[in-house]
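>>> sequence plus the predicted model coming up.
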Amino acid sequence: MVATGIYWGAPALDALWIRCAKALAHEEGQPGTSFNARLYLRRYPATLVVYGAGIAALLRRRYEVFRFLLLETMARQDRDMAEPLVSAVGTARCFFNDATQLLHVQTAGHRMKTPGSD
């Protein structure tokens with residue numbers, strides 16, 4: 001929906017689409033939690049939305065939306081630190097090695113070196 005809105009929508013709606021992507025990327029800090037696959041996977045929907053929105057903005061030659069979406073929009077991530085949206089999302093931020101090992105059929109004692117890209 002965000003990608004479609006950026007591609008076909010009026011510029012007056014750009015703030016809405018950017019706010020949607022930012023809301024998906026925002027993480028609430030949870031004291032006492034450790035990093036595990038579930039916490040990392042919460043970033044995956046934001047990754048898909050930002051990817052689709054970026055492609056739509058580029059295809060429509062809406063470079064100002066692309067720049068604002070990726071570089072000027074800040075998302076709160078790890079330990080409540082704000083960072084540009086482009087840094088806060090991405091497959092490398094969603095999957096860590098132990099979680100990606102689960103995506104493949106395992107043989108006893110064998111670990112893949114690059115399971116996220118195999």
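That came through fine. Residues are numbered from 1 along each chain as shown.
>>> use CA for all of it now, contacts and neighbours both
OK.
>>> now do the helix or strand where A56 lies: everything it contacts.
Following DSSP states H and E, one finds A56 within helix 44-59. Here helix 44-59 makes contact (Cα atoms under 8 Å, 6 or more residues apart in numbering) with 2-4, 6-7, 21-22, 24-25, 63, 65-66, 69-70, 89-91, 94.
>>> pull out the buried members of those residues.
With neighbours counted by 16 or more other Cα atoms under 10 Å, the contacts of helix 44-59 contain buried members at 2-3, 6-7, 21-22, 24-25, 65-66, 69-70, 89-90, 94.
>>> so which of these comes closest to L41?
C94 (5.0 Å; Cα to Cα).
>>> what residues does the closest one make contact with?
Contact partners of C94, counting by Cα under 8 Å, 6+ apart, are 40-44.
>>> what segments of the chain are helices?
2-8, 14-25, 37-41, 44-59, 63-67, 85-88, 91-94, 97-101 (DSSP state H).
>>> ok so, going back, restricting to C-alpha, output the helix holding A56 in PDB.
Extracted as PDB, the C-alpha positions of helix 44-59 are listed here (Å, rounded to 0.1, in the frame of the first residue of the first chain):
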ATOM      1  CA  TYR A  44      11.300  -7.400   8.600                       C
ATOM      2  CA  PRO A  45       8.000  -5.800   7.800                       C
ATOM      3  CA  ALA A  46       9.600  -2.400   7.900                       C
ATOM      4  CA  THR A  47      12.400  -3.700   5.500                       C
ATOM      5  CA  LEU A  48       9.800  -4.800   3.000                       C
ATOM      6  CA  VAL A  49       7.900  -1.500   3.200                       C
ATOM      7  CA  VAL A  50      11.000   0.700   2.900                       C
ATOM      8  CA  TYR A  51      12.300  -1.400   0.000                       C
ATOM      9  CA  GLY A  52       9.000  -1.200  -1.900                       C
ATOM     10  CA  ALA A  53       8.600   2.500  -1.200                       C
ATOM     11  CA  GLY A  54      12.100   3.300  -2.300                       C
ATOM     12  CA  ILE A  55      11.700   1.400  -5.600                       C
ATOM     13  CA  ALA A  56       8.300   3.100  -6.200                       C
ATOM     14  CA  ALA A  57       9.900   6.600  -5.600                       C
ATOM     15  CA  LEU A  58      12.800   5.800  -8.000                       C
ATOM     16  CA  LEU A  59      10.500   4.500 -10.700                       C
END
